[in-house]
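Undergrad: Based on what follows, work out the 3D shape:
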Amino acid sequence: MQTTNIFEEAVRRNLTFDFKGQVTIQQLYASKDLAALEEYEAKLNEQVEKFGKRTRKTTTAKSAEQETLELQLAIVSRILDVKLQEIEDRKLEKENKDYNASLDALIYEKQQEALKSLSIEELKKLKK
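TA: Model (predicted):
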């Protein structure tokens, strides 16, 4: 069985999403309204669940509507995962930057203290 990338499949189907009107994947990615995306994901999930659970013994084939909804749900979920990870990455990057800045300030203070303890002759030798 060949697996297809969900985004490739969406492009092949020219898939649009009923999210604040008919939008494309690019427009979903561009959306900054994470709460609305999460609500849309929940709505899609409810629609998919209406089809019921599938088991190995289930012999009925998925309808085109069910396949489309599952694909839309997978894409919206992936977009949310990426956006939430990006937020977490930016937060961690800022925390690291702030931490490093505080270390740089301490290093500068220690260097200044070390310079203050030098004699005038030693300071003159350090001049460039």
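Undergrad: so what's residue 74 up against?
TA: Residue 74 makes contacts with residue 6, as judged by CB atoms under 8 Å, 6 or more residues apart in numbering. For every residue, glycine as well, the C-beta is placed using N, CA and C.
Undergrad: Can you tell me the element it falls in?
TA: Using DSSP states H and E, residue 74 maps to helix 64-116.
Undergrad: what's next to the helix or strand that that helix is followed by, contact-wise?
TA: For helix 64-116, the succeeding helix or strand toward the C-terminus, using DSSP H and E, is helix 120-126. The contact list for helix 120-126 (CB under 8 Å, 6+ apart) reads 115, 118.
Undergrad: Take helix 120-126, keep the C-alpha atoms, and write them as CSV.
TA: The C-alpha trace of helix 120-126 is given here as CSV (Å, rounded to 0.1, in the frame of the first residue of the first chain):
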residue,chain,number,x,y,z
ILE,A,120,47.8,51.7,36.9
GLU,A,121,50.8,50.3,35.1
GLU,A,122,48.9,47.0,34.4
LEU,A,123,46.0,49.0,33.0
LYS,A,124,48.3,51.1,30.8
LYS,A,125,49.7,47.9,29.3
LEU,A,126,46.3,46.7,28.4
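Undergrad: Can you tell me how far residue 123 is from residue 47?
TA: According to CB to CB, to the nearest Å, residue 123 and residue 47 sit 75 Å apart.
Undergrad: Settle it for me: which of the two has more neighbours?
TA: Neighbour totals were compared for residue 123 and residue 47, and residue 47 leads with 15 against 11 (other CB atoms under 10 Å).
Undergrad: I'd assumed residue 70 was in contact with that one.
TA: No - in this structure residue 47 lies outside contact range of residue 70 using CB atoms under 8 Å: 9.5 Å.
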